[in-house]
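**Q** sequence? don't have it. structure:
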Ligand SMILES: Cc1cc2nc3c(=O)[nH]c(=O)nc-3n(C[C@H](O)[C@H](O)[C@H](O)COP(=O)(O)O)c2cc1C
Ligand SMILES: [Fe+2]
Ligand SMILES: [Fe+2]
């Protein structure tokens, strides 16, 4: 692989195709990349590093690009270990290297990496000259941690954006996008956003506003492709997601022990299809929740099917609704349904949880006893309410 993004900017990141789960919870069937870049002026800066398992490959990527030249600065935009795990290894290779980061990263550097010296602390708008190239620093807290910042290379009109504009999916040898890349990565961009940064819509919005003052021709995130040709598309997607704006449609999730709630879910999906309402169905017992979360960020209606379990909501469904609520999702409508055998209660509890977090209830929901039947669980009527809301 050739890491040339431009004469002055080189990719030295790695693809992780071995892990099944990112953050040990989000399924990554097409892998993920941990991106890191060299900015090569008279002096050389490296932005971020990679995850712990990739030491050898990461170091050999750096060598491939700059041979025996040394790296003068290590810019730390984000301290999460998927990017910071190899800091000590880089310091070992380049003992005189200066770490450049902001004050909020300093205790994390000590805590994660036991690094306390050779740190240059910068703040908003500070500049660092590399000789021929200039880096400028912009704090973007909570995208995705409080210490996160973006680094802008003025002459290259390039922003190293950290997790912002990142995506799941390994990258191929041609890391910079072409006209098809946005279409190919769109679903994984939304899935990554909804899983990882979805809670931080407001900070993401502030970051977008701040970065909009810069003349940006290239976005280099810490995951996924480098963006040059699809910048308006990706920025507008981020603007939309950060405001929790969605398209018309239903994310229909369910969990079911014995199939009764599942039958109700299928009946609702069938009725929505007849009405031409887009609907994405997810079985929370067999599927990683990352996909259903993605569709919550795509569609304005969440329909949840969960039976009653120990006077509570069947746990996979409870956990999922909780994860939606904890992402402070806004502008959503909610319906629920579920089977029970004696006292019931899951529908009421699902409604309470959704309403308490600002979702609008379209109906009281449908709680039905034991087996599913059209008579006990009128999904045609529920689909009608959804169509008219
Ligand atoms: C471990 C367990 C706990 C349950 N707890 C309750 C309960 O507290 N109240 C109730 O009405 N039904 C309870 N049920 C019954 C289920 O809600 C009922 O069997 C329902 O039809 C299951 O729906 P499903 O076929 O979609 O899994 C429980 C079932 C199981 C297996
Ligand atoms: Fe992160
Ligand atoms: Fe990351």
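**A** Alright, I've got the coordinates. The structure displayed is predicted, hence computed values, not measured ones. Numbers count the residues shown, from 1 in each chain. Ligands and ions are numbered 1, 2, ... in the order given.

**Q** ok, is the longest helix that the chain contains in contact with ligand 1 or not?
**A** As assigned by DSSP state H, the longest helix anywhere in the chain is helix 260-274. Yes - using Cβ under 6 Å from any ligand atom, helix 260-274 reaches ligand 1 at 260-262. No exception for glycine: its C-beta is placed from N, CA and C like everyone else's.

**Q** Which strands and helices lie in contact with that helix?
**A** For helix 260-274, the packing partners by 3 or more Cβ pairs under 8 Å, 6 or more residues apart in numbering; DSSP states H and E come out as strand 247-254, strand 279-283, strand 299-305, strand 333-340, strand 366-369, helix 379-388.

**Q** How many neighbouring residues does residue 84 have?
**A** Neighbour count of residue 84, defined by other Cβ atoms under 10 Å: 25.

**Q** Over to residue 7?
**A** 8.

**Q** Not counting its neighbours along the chain, what's nearest the closest residue to ligand 2 within the stretch 151-300 of the chain?
**A** Closest to ligand 2 within the stretch 151-300 of the chain is residue 163: 4.3 Å, counting by Cβ to the ion. Once flanking residues are discounted, residue 163 sits nearest to residue 144: 4.5 Å by Cβ to Cβ, 6 or more residues apart in numbering.

**Q** List the contacts of the one you found.
**A** 78, 80, 162-163, 196-197, 200 (Cβ atoms under 8 Å, 6 or more residues apart in numbering).

**Q** rerun that using 7 Å as the cut-off
**A** 80, 163, 196-197, 200 (Cβ atoms under 7 Å, 6 or more residues apart in numbering).

**Q** Quick check on it: phi, psi?
**A** Main-chain torsions, residue 144, degrees, to the nearest 10: phi -130, psi -10.

**Q** distance of it from residue 68?
**A** Counting by Cβ to Cβ, to the nearest Å, the gap from residue 144 to residue 68 is 35 Å.

**Q** now residue 363
**A** Residue 363 is 69 Å from residue 68, by Cβ to Cβ.

**Q** who has more neighbours, those two?
**A** Using other Cβ under 10 Å, the more surrounded residue of residue 363 and residue 68 is residue 363, with 18 against 5.

**Q** Residue 159 belongs to a strand, doesn't it?
**A** Yes - secondary structure of residue 159 (DSSP: H, G, I helix; E, B strand; the rest coil): part of a strand.

**Q** Near it, how many other residues are there?
**A** For residue 159, the count of nearby residues is 25 (other Cβ under 10 Å).

**Q** Wait, it touches residue 216, no?
**A** Yes - applying Cβ atoms under 7 Å, one finds residue 159 in contact with residue 216, separated by 5.3 Å.

**Q** Restricted to buried residues, select the residues of helix 260-274 next to ligand 1 in ChimeraX.
**A** A single ChimeraX command is used to select the members of the residues of helix 260-274 next to ligand 1 judged buried by 16 or more other Cβ atoms under 10 Å:
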select :260,261,262
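
**Q** Compile the residues of helix 260-274 next to ligand 1 into CSV and extend it with columns for pLDDT.
**A** CSV is the format used below for the residues of helix 260-274 next to ligand 1 (pLDDT from 0 to 100):
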residue, pLDDT
260, 98
261, 98
262, 98
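
**Q** which residues are contacting stretch 52-67?
**A** Counting by Cβ under 7 Å, 6+ apart, 3, 10, 12, 14, 34, 38, 40, 44, 49-50, 71, 81, 85-86, 89, 93 sit against stretch 52-67.

**Q** ok, now stretch 262-279?
**A** So stretch 262-279 is contacted by 248-250, 252, 254, 256, 281, 299, 303, 305, 337, 372, 377, 379-380, 382-383, 386-387 (Cβ under 7 Å, 6+ apart).

**Q** List the buried residues of stretch 25-35.
**A** Neighbour-count burial for stretch 25-35 flags 26-28, 31-35 (criterion: 16+ other Cβ under 10 Å).

**Q** Which part of the stretch 1-150 of the chain gets nearest to ligand 1, residue-wise?
**A** residue 27 (23.6 Å; Cβ to the nearest ligand atom).

**Q** Write out the residues of this structure neighbouring ligand 1.
**A** For the chain, the contact set with ligand 1 under Cβ under 6 Å from any ligand atom comprises 256-262, 307-311, 339-344, 370.

**Q** For PyMOL, write a command that selects the buried ones of those.
**A** Restricted to buried positions by 16+ other Cβ under 10 Å, the PyMOL selection for the residues of the chain next to ligand 1 reads:
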select buried, resi 256+260+261+262+307+308+309+339+340+344
